[in-house]
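Q: quick one: sequence plus predicted model below, questions after.
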Amino acid sequence: MSSGQFAPQNGAGDSFANGPSQNAVYPLNPGFMAPPLQPGYISSVPAKGLPAGPQSCYNTHRHQPSPVGTHSPLPASPNHRPVLPGPPQASPTPPPHANSHYQHTQQPSSWSSTAAVFQSTAAPPALNVMAPHQTFGPPPAAMRGTPPLTVPPPTVAPPPFAAAPPPSTIAPPPFAAAPPPSTIAPPPFAAAPPPSTIAPPPFVAAPPPSTIAPPPFAGAPPTSTVLPPPRAGVPPPSASAAVPPPPTGAHSDAGPYHLGQMSRPVGSGYPSLQPGYSTAQGYTPPVGQIQHPPGQIQPSSMGQIHPTAQIPPPSAGQFHPAGQIPPSAQQAGLSPSLAALSLQSHTPEALRVLNLLQERNLLPHTAVTPPLPCLPQDLQRMNCSPEVFRCTLTSIPQTQALLNKAKLPLGLLLHPFKDLSQLPVVTSSNIVRCRSCRTYINPFVTFVGPTRWKCNLCHRINEVPEEFMYNPVSKSYGAPHKRPEVQNATIEFIAPSEYMLRPPQPAVYLFVLDVSHNAVETGYLDAVCRSLLDNLSSLPGDARTKIGFITFDSTIHFYSLQEGLSRPQMLIVSDIDDVFLPTQDGLLVNLNECKELVQDLLSSLPQMWRQTMETHSALGPALQAAFKLLSATGGRISLFQTQLPTLGIGALKPREQPSTKTQAKDIQHLSPATDFYKKLALDCSGQHVAVDLFLLSAQYCDLSSLGCISRYSAGSVFYYPSYHTLHNPAQAERFQKDLKRYLTRKIGFEAVMRIRCTKGLSIHTFHGNFFVRSTDLLSLANVNPDAGFAVQMNIEENLLDLQTVSFQAALLYTSSKGERRIRVHTLCLPVVNSLSDIFAGADVQAITALLASMAVDRSVTASVSDARDALVNAAVDMLSSYRSSVLTVPQPGLLAPACLRLFPLYILALLKHKAFGTSSATRLDERMFCMCQLKQQPLAYAMLSIHPSLYRVDDLTDEGALNVNDCTIPQPRVQQLSVEKLSRDAAFLMDCGSVLYLWIGRNCNPAFLTQVLGVDGYANIPLNMTQLPELDTAESCRMRAFVDWLRERRPFHPLLHVIRDESPLKAEFLQLMIEDRSESALSYYEFLLHLQQQSSK
């Protein structure tokens, strides 16, 4: 499957080559630029109608073969889903009622085969902000005059590469337009061995061709990818209690599965053990890997893998005099063209063939780890951390045709502003960059002699500046390849003046607060003011930091805090149709100079509005006033809203109908009701103003529309349903802790992020909260350490002459201290030429997260049912491609490589996720918030919400425990998400990312209840227990240490709910048992049967 099957969002829809953008560049506003509002932004896409007949979880007719690798359309067929035509490249501003609330300007939507199914993140970041940083300065003046040495560049010829396999010849289903090639297939490994648990041997190598600079934009953008049509429906479960697997080689042709005709109750686990269904207790990959002689294949009971000769690329950052071959290569008898390469062939553990129908327990005992790229040890050591920069395929295919054939998505997941404990910081008046593509020098460039270096993106030869010859770490001269910039894939520069269009802005914070009757009644205003008072001195900033406040109901209230006043002065603007600032002075004040007035205002605000009876909300005019106030300086707007806007511009009407039970095909109103909030967000982005939305309400607030104000201004969305300080204390606690983190976390202002890649690769679509300024440049009014981004990639030109490719993300921002900084991340990956190598390097979690972002786009532009079909297609396409193109001997069963063994499970988890589930109990705002989270969260946090982790915790021990800061952290095994694994004699903790559930069995050991929960018996467990008591017992210490460790690994505070049989949250806990059948979705085993049927067609 390719990345074209999902519609793009936030702007980037077509494929773009790196280099100068051919799109219009808009004139600069004060500081940066924002495009003028123009019509023709994104056209709406009609939702696909479901076939007539009984409702089912999935379509019951499989489409014709996937259009991967073909370009000619086929005649229309009832089994084909029509392609959703992407709008033409249009101007940036949307027309009224633009549908795609994720789409940014200058990027039309398109869908391609596997990634076409959807279009668009590793351990969580540490919370300590850039702990010990090492700052490097310029060389001493005395050493700058040393004449550099000149050495001619090496002339090592690149090794020959096998031709890329021909594109798939499967005919595509009919489309409204010719379907572009699918872009989800993973790239074949051209030269590097597939990932292995054994570290690759050291290589002595001539420097590989530099591949870091992005190629110039050449010609028209490549064809966009198209999402595959809907798959055939899931086979209906029989009326019996168990669903046995089909006989070998046979496939069920049963009719559609009718919702409600469930043979087993909701929450039931697997059917009773089926013939040939293994009961292995867990999947435990081998510790090492067996090396096989070249040309031999590792035996496999389920299939055979094509042998692949893997040639690791040479080390970067090293150089040899021209004409010389490394001694190790001469001893090995290699030809000069392969002088730096080491040949070996083996079948890695990642390609071990598994029959998913017979391997029951596939979850690893601990967290899933990302695969390591097959690179030489020196390159691997310097590569970017997967917590920051991650690719769906750790081996890049040589050609787009090979990528299409693999049917896996190619994309990047970034966490660019992540809190890092160690971050090298370099101060230099001359930042070394490629003169052609402007790539920052990095560990993967090649030094051609002592005074020149070759860019690893565009391959240009550049001169090494004389001052770069000095190494500030070793205080030596003449070794540029040992400088910090060439030794660290993640590095930060203090930018000189040429990186500033204006003086760096100060930290400016504006709080816009809803003070209507509904808002005050929830008690949130007291919580916000109290938290601000407690953390006022901890707001990021310096002596220039400014702060301001606006409140609103049916009118807008400004607060003058001008120095010299004895108390804050409120100024009311009642004309909401023509908003203006009542005064130019005193509304934004220096925090240090007016701190007492600010504290006075925060202390009096809750009491001031306690008796209000005003029920209306003029949110739109209040945001217009906030924009007017901040447009001169830029900054951050923190918006707190508790109801649907009812007055003035931006007023909304209720669109949710809770009384009407809906299914996926009927879910409406996921697109904005008005384009006001999107247009205002684009204006804010142009003036470096970001809006963070806090939605605290039990009522429908139309997050589909309100969320646009944050999405396009690079803000964040926070949602607290049913918030009330008295009636919902757990939600109030979560809000209080989240708000503290929000107020005190690191922040970057007036930021832009550019993503460059090796010539031959191009950017297709961006995902996240931002505004797309040009083909590879994102405008981020604010950037925070909890924001993630995703990028879909295309292979625009064949990579036959390359051994590695590189990706570089450069984030330019203003720190809260007023420094202009550049944070650079560089990722290097090998190029391969076989499908087996592509599959071996597939990152199953990165693929899942990218597909989730693409599915959100598809849900908004088409329908949720289309997104669900596309997700199923992704799994079917991967399994079909693996069976037909990688396995040489057909075998019965549902076969998958070990590295992708969890892919069907993750797809099923997405189908049951609140964002895409068909449950009528999911509120529209809650569904929309889940979609927002999938788009804006880093991968590590998103995966926990997709597939939670379940642990047994009544028997925690110190065996295998971690030691963190002299604290012992137990490490229990991860359990399957099935009630089959629950025991009435035990206790289980489920980690869902934003919430923790502690389920207590009715017959749980009384010692656990006493020593951990502090209760005498099961019946004495409080129904709404949300805290673990601090007891002086070893069991209590272990439990609290484990829970605290889980919480510290993410930025925001997850609630803990203790659940027993009578608890109201028990049903929600059981719904998260992904592997069991739910009210409207199949069990994992039934889903595997469906995939087997579809992939065999």
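A: Cool, got the structure. Residues are numbered from 1 along each chain as shown.

Q: would you mind writing the CA trace of stretch 1032-1043 as PDB?
A: Provided in PDB are the C-alpha atoms of stretch 1032-1043 (Å, rounded to 0.1, in the frame of the first residue of the first chain):
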ATOM      1  CA  ASP A1032       4.800   1.900  54.600                       C
ATOM      2  CA  THR A1033       4.900  -1.500  52.900                       C
ATOM      3  CA  ALA A1034       7.200  -3.000  50.200                       C
ATOM      4  CA  GLU A1035       4.200  -3.800  48.000                       C
ATOM      5  CA  SER A1036       2.900  -0.200  48.200                       C
ATOM      6  CA  CYS A1037       6.400   1.200  47.400                       C
ATOM      7  CA  ARG A1038       6.800  -1.000  44.300                       C
ATOM      8  CA  MET A1039       3.300  -0.200  43.000                       C
ATOM      9  CA  ARG A1040       3.600   3.600  43.500                       C
ATOM     10  CA  ALA A1041       7.100   3.500  42.000                       C
ATOM     11  CA  PHE A1042       5.800   1.700  38.900                       C
ATOM     12  CA  VAL A1043       2.800   4.100  38.500                       C
END
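
Q: what residues does that stretch touch?
A: With contacts defined as C-beta atoms under 8 Å, 6 or more residues apart in numbering, stretch 1032-1043 is touched by 951, 953, 956-958, 967-970, 972, 989, 996, 1007-1008, 1011-1012, 1028-1030, 1056. Every residue, glycine included, has its C-beta placed from N, CA and C.

Q: repeat that for stretch 582-591.
A: 508, 510, 536, 539, 541, 543-548, 558-563, 565, 569, 571, 573, 581, 597-598, 629-630, 633.

Q: for residue 514, give me the backbone phi and psi.
A: Phi and psi for residue 514, reported as degrees, to the nearest 10, are phi -80, psi 120.

Q: what bridges to it?
A: residue 552 (DSSP bridges).

Q: right, and it touches residue 553 too?
A: Yes: using C-beta atoms under 8 Å, residue 514 makes contact with residue 553 at a distance of 7.4 Å.

Q: common neighbours of these two, please.
A: The contact lists of residue 514 and residue 553 share residue 617, where a contact means C-beta under 8 Å, 6+ apart.

Q: please identify which of the two sits among more neighbours.
A: The residue with more neighbours, out of residue 514 and residue 553, is residue 514; 27 against 23, by other C-beta atoms under 10 Å.

Q: check what pLDDT the more buried one gets.
A: pLDDT, residue 514: 96.

Q: look up how far residue 696 lies from it.
A: 9 Å (C-beta to C-beta, to the nearest Å).

Q: do residue 881 as well
A: Taking C-beta to C-beta, one finds residue 881 at 46 Å from residue 696.

Q: repeat that for residue 920.
A: 24 Å.

Q: equivalent analysis for residue 732, please.
A: When residue 732 is compared with residue 696 (using C-beta to C-beta), they lie 10 Å apart.

Q: joint contacts of the two?
A: residue 723.

Q: pick out whichever of the two has more residues nearby.
A: residue 696 (27 against 21).

Q: that one pairs with what?
A: In beta-bridge terms (that is, DSSP bridges), residue 696 pairs with residue 720.

Q: numbering from 14 from now on, please.
A: Got it, the first residue is 14 from now on, which makes the last one we talked about residue 709.

Q: check contacts around it.
A: Contacts of residue 709 (C-beta under 8 Å, 6+ apart): 532, 535, 537, 653, 654, 655, 733, 736, 748.

Q: between the residues you listed, which is nearest residue 683?
A: Nearest to residue 683 out of the contacts of residue 709 is residue 654 (C-beta to C-beta; 19.3 Å).

Q: the nearest residue to the closest one once chain neighbours are set aside: what's it in contact with?
A: For residue 654, ignoring the flanking residues on the chain, the nearest one in space by C-beta to C-beta, 6 or more residues apart in numbering is residue 527 at 5.2 Å. By C-beta under 8 Å, 6+ apart, the residues touching residue 527 are 564, 565, 566, 630, 632, 653, 654, 655, 656.

Q: would you turn those residues into a markdown table with distance to residue 438?
A: Shown next, in a markdown table, are the contacts of residue 527 (distance: C-beta to C-beta, whole Å):
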| residue | distance to residue 438 |
| --- | --- |
| 564 | 40 |
| 565 | 42 |
| 566 | 47 |
| 630 | 45 |
| 632 | 41 |
| 653 | 35 |
| 654 | 38 |
| 655 | 42 |
| 656 | 45 |
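
Q: can you pick the most crowded of the residues you listed?
A: residue 565 (32 neighbours).

Q: looking at it, it is touching residue 637, isn't it?
A: No: counting by C-beta under 8 Å, residue 565 stays clear of residue 637, with 10.8 Å between them.

Q: and residue 1052, what element?
A: For residue 1052, the element it lies in under DSSP states H and E is helix 1047-1061.

Q: for the protein, name the helix or strand with the lowest mean pLDDT.
A: helix 340-345 (a mean of 34; mean pLDDT, DSSP states H and E).

Q: which is the next helix or strand following it?
A: Downstream of helix 340-345, the next assigned helix or strand under DSSP H and E is strand 366-368.

Q: continuing past that following strand, what's the next helix or strand?
A: Strand 366-368 is succeeded, C-terminally, by helix 390-395 (DSSP H and E).

Q: about what we covered before: columns pLDDT on top of the contacts of residue 527, output as JSON lines?
A: Formatted as JSON lines, these follow (pLDDT from 0 to 100):
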{"residue": "564", "pLDDT": "97"}
{"residue": "565", "pLDDT": "96"}
{"residue": "566", "pLDDT": "95"}
{"residue": "630", "pLDDT": "94"}
{"residue": "632", "pLDDT": "96"}
{"residue": "653", "pLDDT": "97"}
{"residue": "654", "pLDDT": "96"}
{"residue": "655", "pLDDT": "95"}
{"residue": "656", "pLDDT": "93"}
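
Q: from those, which is closest to residue 690?
A: The shortest approach to residue 690 among those belongs to residue 632, at 9.1 Å (C-beta to C-beta).

Q: OK, contacts around that closest one?
A: 527, 565, 654, 658, 661, 663, 719.

Q: change it to 7 Å
A: Residues in contact with residue 632, defined by C-beta atoms under 7 Å, 6 or more residues apart in numbering, are 654, 658, 663.

Q: out of those residues, flag the one nearest to residue 808.
A: Nearest member of these to residue 808, counting by C-beta to C-beta, is residue 663, at 42.9 Å.

Q: what about the closest one? Give its phi and psi, please.
A: Torsion angles, degrees, to the nearest 10, at residue 663: phi 80, psi 10.

Q: what about the stretch 214-363 of the chain, any weak spots by pLDDT?
A: Counting by pLDDT under 70, the stretch 214-363 of the chain contains low-confidence ranges at 214-360.

Q: typo on my end, it should be the chain
A: 14-360, 671-679.

Q: hmm, try it at 50
A: Applying pLDDT under 50 to the chain flags the ranges 14-18, 20-358, 673-677.

Q: in the stretch 464-613 of the chain, what residue spans correspond to strands?
A: 465-467, 474-476, 483-484, 489-490, 503-507, 521-527, 559-565, 569-573, 582-586, 602-603 (DSSP state E, counting those that start in this stretch).

Q: so which of the ones you listed is nearest residue 374?
A: Short answer: strand 503-507, nearest of these by C-beta to C-beta, at 36.5 Å.

Q: next, count neighbours for residue 807.
A: Neighbours of residue 807 (other C-beta under 10 Å): 32.

Q: now residue 778
A: By the measure other C-beta under 10 Å, the count of residues near residue 778 is 41.

Q: confirm that it sits in a strand.
A: Yes: assessed by DSSP: H, G, I helix; E, B strand; the rest coil, residue 778 belongs to a strand.

Q: hmm, it is touching residue 803, no?
A: No: here residue 778 does not reach residue 803: they are 8.5 Å apart, not a contact under C-beta atoms under 7 Å.

Q: how near is residue 925 to residue 1052?
A: 29 Å.

Q: again with residue 385
A: 34 Å.
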